[in-house]
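Trainee: here is my input; please provide its structure:
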Amino acid sequence: MSPPKTFHVKSFGCQMNVYDGERMAELMAAQGLTQADAVDADVVVLNTCHIRERATEKVYSDIGRLRKDQRRKSGKTPMIAVAGCVAQAEGEEIFTRAKVDIVVGPQAYHNLPDLVAKAAAGTPSLDTDMPLLSKFGALPARRKVAPSAFLTVQEGCDKFCTYCVVPYTRGAEISRPFAAIVDEAKALVDAGAREITLLGQNVNAWSEDMRGLHDLIRDLDKIPGLARIRYTTSHPNDMTQGLIDAHRDIESLMPFLHLPVQSGSDRVLKAMNRSHTRDSYLRLLDRVRAVRPDIALSGDFIVGFPGETDAEFEDTLSLVDAVGYAQAYSFKYSPRPGTPAASIVEQVPESVMDERLQRLQAALNRDQHAFNAATVGRACSVLLERTGKLSGQLIGKSPWLQSVHLIGDHAIGDLVEVTLAAAGPNSLTGVERVREAA
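Mentor: Got it, this is the predicted structure:
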């Protein structure tokens, strides 16, 4: 096989996968390869997610579809690399199930250029080692980025929730060094970012010596040109008072908190090996709202966890009613091989999970629409990120992570002062505020 000249990276799943995909693209570009569409690229990297079963199967169907599309268009056979959490979980089994050239885990993708060279020489390559953060030191400098950029500060998980594969695919919790994070943040701002979202499987578990995530945010707040800071995903067990107070004290820290709860039932939470209870979670949210009353809250929910009863699901609905989430993610339980929950006998029937998910999502959508409607009339800044479908329309994000449409003479990357004028279920319309002459 000839050395590839073009590449394409397709990422599935969470924001950390998006960040990893961006870094893999930068690696390939640093080797002199040019980015191309998937149907034209010489090497295609599928950066995978293993959280749900269907996501895993989608990878294999994508491999077959990709080869078919390339044969139809150009008659060539692309080099295919499977990266990410499916690669870590399934390893050599991927070579058995599909015709691929490279399998590389999420902690080893900094070796991708070497693996591509070996594959071009005819040697399929596997690398699922999990070294301690060595990949970050091997990655190239950040290039031009969008107005809003991701920055991984922490990886892995020590919580071992019984439904989750992350501790097995991403490894133990480990924090990137403070200085390296600050340097990358400065490089992102120099490359065009005005907002940075700090990422981690348990991002609020980040620590170095006696410093926590709130200390890191306070230092990032000093970077000239960095207007906004966000972080995700948090664990209730690591939500310190210092981090709560940061939402009161730091203007650039946006009033948005994603704090997964998963269930409103204490018995289910215990079976999930979650370290919080329904009451401790609600009291934690009360503490956050006490320092930042306008904060928008987001969460994660799993319905149909093995053994979940109708009454326990009703506990989840009542928690949703009590919180009033601005946004939320909800999923049916999906058994993952090797996790303790997969071996529980009392699996909930698919039809029951479907019905519960529909009810939960109806409640969450109701509350999201209510939150959006309640912000109509508010004055705020909107960071413009992309063009809309209408002439002159740009779309950006409010401080509360709402999608806002704006018509006006502006550019992507502008921070525009607007009044939120109208709300739909998933977005709002903003009207630019006219400043009075001094």
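
Trainee: can we go C-alpha only for contacts and neighbour counts from here?
Mentor: Fine.

Trainee: pull the CA atoms of the helix or strand where Ile63 lies into PDB?
Mentor: For Ile63, the element it lies in under DSSP states H and E is helix 53-73. Extracted in PDB, the C-alpha atoms of helix 53-73 (Å, rounded to 0.1, in the frame of the first residue of the first chain):
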ATOM      1  CA  GLU A  53     -24.100  -1.400  22.500                       C
ATOM      2  CA  ARG A  54     -25.600   0.100  19.300                       C
ATOM      3  CA  ALA A  55     -22.700   2.600  19.100                       C
ATOM      4  CA  THR A  56     -20.300  -0.300  19.000                       C
ATOM      5  CA  GLU A  57     -22.300  -2.100  16.200                       C
ATOM      6  CA  LYS A  58     -22.500   1.200  14.300                       C
ATOM      7  CA  VAL A  59     -18.700   1.100  14.000                       C
ATOM      8  CA  TYR A  60     -18.700  -2.200  12.100                       C
ATOM      9  CA  SER A  61     -21.600  -1.100   9.800                       C
ATOM     10  CA  ASP A  62     -19.700   2.200   9.100                       C
ATOM     11  CA  ILE A  63     -16.600   0.200   8.100                       C
ATOM     12  CA  GLY A  64     -18.500  -1.800   5.600                       C
ATOM     13  CA  ARG A  65     -20.400   1.200   4.200                       C
ATOM     14  CA  LEU A  66     -17.100   3.200   4.000                       C
ATOM     15  CA  ARG A  67     -15.400   0.500   1.900                       C
ATOM     16  CA  LYS A  68     -18.500   0.200  -0.300                       C
ATOM     17  CA  ASP A  69     -18.700   4.000  -0.900                       C
ATOM     18  CA  GLN A  70     -15.100   4.300  -1.800                       C
ATOM     19  CA  ARG A  71     -15.200   1.400  -4.200                       C
ATOM     20  CA  ARG A  72     -18.200   2.900  -5.900                       C
ATOM     21  CA  LYS A  73     -16.700   6.300  -6.200                       C
END
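
Trainee: quick one: distance of that helix to the chain centre.
Mentor: In terms of C-alpha atoms, centre = their mean, to the nearest Å, the centre of helix 53-73 is found 23 Å from the chain centre.

Trainee: report all helices and strands that it contacts.
Mentor: strand 43-48 (3 or more C-alpha pairs under 8 Å, 6 or more residues apart in numbering; DSSP states H and E).

Trainee: find the nearest non-adjacent residue to Tyr281, please.
Mentor: Using C-alpha to C-alpha, 6 or more residues apart in numbering and skipping residues adjacent in sequence, the residue nearest Tyr281 is Pro236, 6.9 Å away.

Trainee: what number of residues lie near the one you found?
Mentor: 20 (other C-alpha atoms under 10 Å).

Trainee: Ala219 and Arg211, how far apart?
Mentor: Not Ala; residue 219 is Asp. 11 Å (C-alpha to C-alpha, to the nearest Å).

Trainee: where in the chain is pLDDT low?
Mentor: In the predicted model of the chain, residues 52-53, 131-134, 434-438 satisfy pLDDT under 70.

Trainee: what ranges do the helices span in it?
Mentor: Using DSSP state H, the helices of the chain run over 15-30, 53-73, 85-90, 93-97, 112-120, 134-138, 166-169, 178-190, 213-220, 241-249, 266-271, 278-291, 310-323, 350-374.

Trainee: hey, which of those helices is tucked in deepest?
Mentor: helix 85-90 (a mean of 24; mean count of other C-alpha atoms under 10 Å).

Trainee: so who does Ser403 touch?
Mentor: Taking C-alpha atoms under 8 Å, 6 or more residues apart in numbering as the criterion, Ser403 is in contact with Ile395, Gly396, Lys397, Asn426, Ser427, Leu428.

Trainee: ok, now with 6 Å
Mentor: Ser403 is in contact with Gly396, Lys397, Ser427, counting by C-alpha atoms under 6 Å, 6 or more residues apart in numbering.

Trainee: tell me what it is bridged to.
Mentor: Lys397, Ser427 (DSSP bridges).

Trainee: what's the spacing between it and Arg366?
Mentor: Ser403 is 17 Å from Arg366, where distance means C-alpha to C-alpha.

Trainee: try Phe7
Mentor: 42 Å.

Trainee: cool, thanks, signing off.
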